[in-house]
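1. Got a sequence here, can you build the structure:
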Amino acid sequence: MNLTLKQITALVKGQLKGNESLIITGAAGLDAAGPEDISFLRDPGRIDDLTASKAGAVFVSPEVSGTLNSGENFIEVKNPMAAFSTVLAVISREKNPPRMGFHPKAEISSKAKMGKNVWVGPFATIEEDAEIGDGAIIESHVYVGARTKIGKDTRIYPNAVIREDIQIGQRCIIHAGAVIGSDGFGFYFEEGKHNKIPQVGNVIVEDDVEIGACSTIDRAMLGTTRIGRGTKI
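-> Numbering: from 1, shown residues only. Prediction:
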């Protein structure tokens, strides 16, 4: 990252007090930040930490900005954590620029429907009649089952398994090793043994959901296991 405070202020729609030409190249916590880093103060009770910080600039709330010296560089915003997150997103995009296309070692069924600007990584598998939405990112070794639908701008990290007949919404993030749509614990006991009940339901993951690494979400025996919009697991 290489942005002036003026550019960062415009990006977060804040109010700058300080040197608008100062160049910021990184982001860090108050205790670790240096002269070219931007940081944030979320808790007004930590003013002493702000005073001791070597950060080049700091996001602060209106409650805090009135207590600071005129010689300091700070950007007044309604939510310092949200503004800092915006800067971290810029850094993340630079470190991980978007990719598009299909890796030659990916296995994609000729019957799958692929959207625009999609990336499918090496050794990923997309089964027949699966649908991958525009801008989706399918990383290496991901399995997407038959008739499964992946929404627009959703990202699925390596080694995740999305079984057949699953629906994943838009802008979802599914981290490495997650398994969605395995059989639920469906058995009945008869004649001295547990007998399997076929699990013919599905899983629907609504928009803006994030599912952590190695999480498992089982399909319903009948009907749907539903993960509501905006859920974080």
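2. so where's the chain uncertain?
-> Scanning the chain with the threshold set as pLDDT under 70 gives 70.
3. Number of residues surrounding residue 92?
-> Neighbours of residue 92 under the rule other Cβ atoms under 10 Å: 10. The way it works is simple: take the backbone N, C-alpha and C, and place the C-beta from them, glycine included.
4. Let me know the helix or strand that it is in.
-> Applying DSSP states H and E as the criterion places residue 92 in helix 80-95.
5. Who are the packing partners of that helix?
-> helix 5-12, strand 26-27, strand 37-40, strand 57-60 (3 or more Cβ pairs under 8 Å, 6 or more residues apart in numbering; DSSP states H and E).
6. Out of the ones you listed, which is closest to residue 88?
-> strand 26-27 (5.9 Å; Cβ to Cβ).
7. tell me the contacts of residue 153?
-> 133, 134, 135, 136, 170, 171 (Cβ atoms under 8 Å, 6 or more residues apart in numbering).
8. Kindly recompute the last result at 6 Å.
-> 135, 170, 171 (Cβ atoms under 6 Å, 6 or more residues apart in numbering).
9. Please name whichever of the helices and strands packed on helix 80-95 is nearest to residue 179.
-> strand 26-27 (33.6 Å).
10. Make CSV out of the helices and strands packed on helix 80-95 and add distance to residue 90 and mean neighbour count.
-> Formatted as CSV, those follow (distance: least, Cβ to Cβ, whole Å; neighbours: other Cβ atoms under 10 Å):
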stretch, distance to residue 90, mean neighbour count
helix 5-12, 8, 18
strand 26-27, 9, 18
strand 37-40, 11, 26
strand 57-60, 14, 26
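11. will you turn those into TSV that also has distance to residue 144?
-> Output for the helices and strands packed on helix 80-95, formatted as TSV (distance: least, Cβ to Cβ, whole Å):
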stretch	distance to residue 144
helix 5-12	35
strand 26-27	34
strand 37-40	38
strand 57-60	39
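12. List just the one of these that sits closest to residue 129.
-> helix 5-12 (41.5 Å).
13. sorry, back to before: looking at the helices and strands packed on helix 80-95, which is closest to residue 214?
-> Closest approach to residue 214 among the helices and strands packed on helix 80-95 (Cβ to Cβ): strand 26-27, 28.2 Å.
14. show me what contacts the closest residue to residue 121 other than its chain neighbours?
-> Counting by Cβ to Cβ, 6 or more residues apart in numbering, the nearest residue to residue 121 once its immediate chain neighbours are dropped is residue 140, at 3.9 Å. Going by Cβ under 6 Å, 6+ apart, residue 140 touches 121, 122, 123, 158.
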